[in-house]
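Chemist: Take a look and give me a structure for this.
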Amino acid sequence: MTESEALFDELASLLSGAGLALVELNVGRGRGSAQARATIYAPDGTGTSECAKAHRIIYPRLQAFFGSQEPTLEVASPGIDRTLRSDREWRIFAGRRVRILLKEDATEGRDWISGRIERAGDEGVVLATDKGERALRFDEIAKAKLDSTREGD
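Modeler: Numbers count the residues shown, from 1 in each chain. Modelled structure (predicted):
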């Protein structure tokens, strides 16, 4: 496990205790500077108060991580139409609507599927679609985005 993976795991655990999920963390060091960008998610809505709470939790740990360099920290929500970038994000966004573009398949062609994430595991995801539940393996998915256009459905 790398140092930044360990930092991610530690921060994810701290944020989880506050009802927040760490979706993404980018850390970097430049000439005399240290910066971090955290994307967080709260199931009941991710606004400025959630971002401020996350900042208060993350910043002291970043100070220890970067040592003598004073870090800058940007905390943001995932956005309403975020592209899902990792298998872990499927679990974070369980219950949310998504649009999925399948990889090309000789029998089906390339097709978008829309549904609500019912559950996700290590190998794939189960969606509730208009035609019932549909299980997909992650290796079948070319692209997936949160779908805010049908969030009330």
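Chemist: From now on I want contacts and neighbour counts done on CA atoms only, so please keep to that.
Modeler: Noted.
Chemist: For this protein, give me the ranges with low pLDDT.
Modeler: Low-confidence segments of the chain (pLDDT under 70): 1, 105-110, 150-153.
Chemist: Okay, domains of this protein per the record?
Modeler: Domain segmentation of the chain under automatic domain parsing yields 3-76, 87-150.
Chemist: okay if I get these as TSV plus mean neighbour count?
Modeler: Listed next are these as TSV, based on neighbours: other CA atoms under 10 Å:
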stretch	mean neighbour count
domain 3-76	16
domain 87-150	16
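Chemist: Please, which helix or strand holds the most centrally placed residue in the chain?
Modeler: For the chain, the residue sitting closest to the mean C-alpha position, by CA atoms, centre = their mean, is Val23 at 3.3 Å. For Val23, the element it lies in under DSSP states H and E is strand 21-30.
Chemist: Give me the sheet partners of that strand and which way each runs.
Modeler: Sheet partners assigned to strand 21-30 using DSSP bridges are listed as strand 33-41 (antiparallel).
Chemist: following the strand it pairs with, which helix or strand shows up next?
Modeler: Following strand 33-41 toward the C-terminus (DSSP H and E): helix 48-66.
Chemist: could I have that next one exported to CSV, CA atoms only?
Modeler: What follows is helix 48-66, C-alpha atoms only, in CSV (Å, rounded to 0.1, in the frame of the first residue of the first chain):
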residue,chain,number,x,y,z
THR,A,48,-21.2,23.7,1.6
SER,A,49,-21.8,22.6,5.2
GLU,A,50,-20.7,19.1,4.3
CYS,A,51,-17.7,20.3,2.5
ALA,A,52,-16.8,22.6,5.5
LYS,A,53,-17.2,19.6,7.9
ALA,A,54,-14.9,17.5,5.6
HIS,A,55,-12.3,20.3,5.5
ARG,A,56,-12.2,20.5,9.3
ILE,A,57,-11.6,16.7,9.5
ILE,A,58,-9.1,16.4,6.6
TYR,A,59,-6.9,19.5,7.0
PRO,A,60,-5.2,18.5,10.3
ARG,A,61,-4.3,15.1,8.9
LEU,A,62,-2.9,16.7,5.7
GLN,A,63,-0.7,19.1,7.9
ALA,A,64,0.8,16.0,9.5
PHE,A,65,1.1,14.2,6.1
PHE,A,66,2.9,17.1,4.4
